[in-house]
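Trainee: below are the sequence and a predicted model; questions follow.
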2 protein chains.
Amino acid sequence: MEQTLEKNQTATFITSANLLEHWQGHRGLTRRVIEAFPEKEFFEYSIGGMRPFAAMVQELLAIAAPGLREIVGGNTEDLNEHLEHQNSKAYLLESWDQATAEINQLWAQIPEEKFTETILAFGQYEGTVWSTILYFIDNEIHHRAQGFVFLRSLGIEPPYFWQR
Amino acid sequence: MEQTLEKNQTATFITSANLLEHWQGHRGLTRRVIEAFPEKEFFEYSIGGMRPFAAMVQELLAIAAPGLREIVGGNTEDLNEHLEHQNSKAYLLESWDQATAEINQLWAQIPEEKFTETILAFGQYEGTVWSTILYFIDNEIHHRAQGFVFLRSLGIEPPYFWQR
């Protein structure tokens, strides 16, 4: 029993390749949630003083690929959530697809030992690389779920959560 | 480059011990979201025809410890979201704390090689153990975020998402 416990501490829960696939599965679902919004409500609708879903999506775009670029390149990226021309769903969907491809390319460049290193993401958030990347994913799930409530409140059925 | 790519496929992204800590961090945040709800609204308030937050919490309780019991014991657990006496916040918080302790105990009993095995969770959801456990966590983040919107809509500031 003690031996099991000790081995369990360093056992791999998930490999790097599976985590990428898991993340991209979530990103596919988020893309379908963006698509489900009517153009106007995507940019304007909100509940309880929150940001509209488009602003949350801009945050997600500002984090995912730029955050990985920082992890791979070691440079400090700015957290820029207000890019120009982000005033149409089509533009944001195109940016989403570009990020999807960039994430795959960057992922292949992360060396095995990198995940346990400590970084200062966007020059301000300290943590291990694994916890930083999980934060990116968790933050996406969090905001997307808020988009689900906005859709429900608009009488629109969101995509299935379990569909990736 | 090719060598890096190949090594990257099987590299550990996160260890079992860190994943447990990560999950329990999320569970601590969910507990604070439960606490933030007024008693009545916890059981009755909803948006767009969704379930009230208490019903989502019952689902989370029906999944986490029972799901892990199944993974550890190999038996089939029922997905029982409607336990008796779950009509007070205090009772659900107590159940939450019991689950927290049980998850820690069960986690130590998962052998290293188990995470890549395929299981049929609750007798119906097929997947690897790692993807099943990530689903439990992702589902918690998803529903908790919906609780965040309910709170905002009630004029109540939710706990900080990044606080674990």
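Mentor: Right, received. Where do you want to start?
Trainee: pLDDT below threshold where in chain A?
Mentor: Residue ranges of chain A with pLDDT under 70: A:1-9, A:83-85.
Trainee: can we see that at 90?
Mentor: Along chain A, the parts satisfying pLDDT under 90 run over A:1-10, A:73-87, A:111-113, A:123, A:163-164.
Trainee: in it, which spans are strands?
Mentor: Per DSSP state E, chain A carries strands over the ranges A:12-15, A:118-121, A:125-128.
Trainee: list the buried residues in the last one.
Mentor: It stands for strand A:125-128. For strand A:125-128, the neighbour count (16 or more other CB atoms under 10 Å in any protein chain shown) marks residue A:128 as buried. Heads up, the C-betas are built off the backbone N, CA and C, glycines and all.
Trainee: so what does that strand touch, helix or strand wise?
Mentor: Packed against strand A:125-128 by the contact rule (3 or more CB pairs under 8 Å, 6 or more residues apart in numbering or on different chains; DSSP states H and E) you find strand A:118-121, helix A:129-153.
Trainee: residue A:77: neighbouring residues, count only.
Mentor: Other residues within reach of residue A:77, judged by other CB atoms under 10 Å in any protein chain shown, total 18.
Trainee: about what we covered before: closest one to chain B among the helices and strands packed on strand A:125-128?
Mentor: Closest of these to chain B is helix A:129-153, at 3.2 Å (criterion: CB to the nearest CB).
Trainee: tell me what the closest one is packed against?
Mentor: The criterion is 3+ CB pairs under 8 Å, 6+ apart, and the helices and strands that helix A:129-153 contacts are helix A:16-36, helix A:53-73, strand A:118-121, strand A:125-128, strand B:12-15, helix B:16-36, helix B:129-153.
Trainee: circling back: okay, the helices and strands packed on strand A:125-128 in TSV with mean neighbour count next?
Mentor: Converted to TSV, the helices and strands packed on strand A:125-128 look like this (neighbours: other CB atoms under 10 Å in any protein chain shown):
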stretch	mean neighbour count
strand A:118-121	16
helix A:129-153	22
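Trainee: output those as TSV; include the columns distance to residue B:70.
Mentor: Shown next, in TSV, are those (distance: least, CB to CB, whole Å):
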stretch	distance to residue B:70
strand A:118-121	36
helix A:129-153	23
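Trainee: on that earlier part again, okay, the strands of chain A in TSV with distance to residue B:163 next?
Mentor: Shown next, in TSV, are the strands of chain A (distance: least, CB to CB, whole Å):
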stretch	distance to residue B:163
strand A:12-15	23
strand A:118-121	17
strand A:125-128	13
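Trainee: out of the helices and strands packed on helix A:129-153, nearest to residue A:100?
Mentor: Proximity of the helices and strands packed on helix A:129-153 to residue A:100 was assessed by CB to CB; the nearest stretch is helix A:16-36, lying at 6.0 Å.
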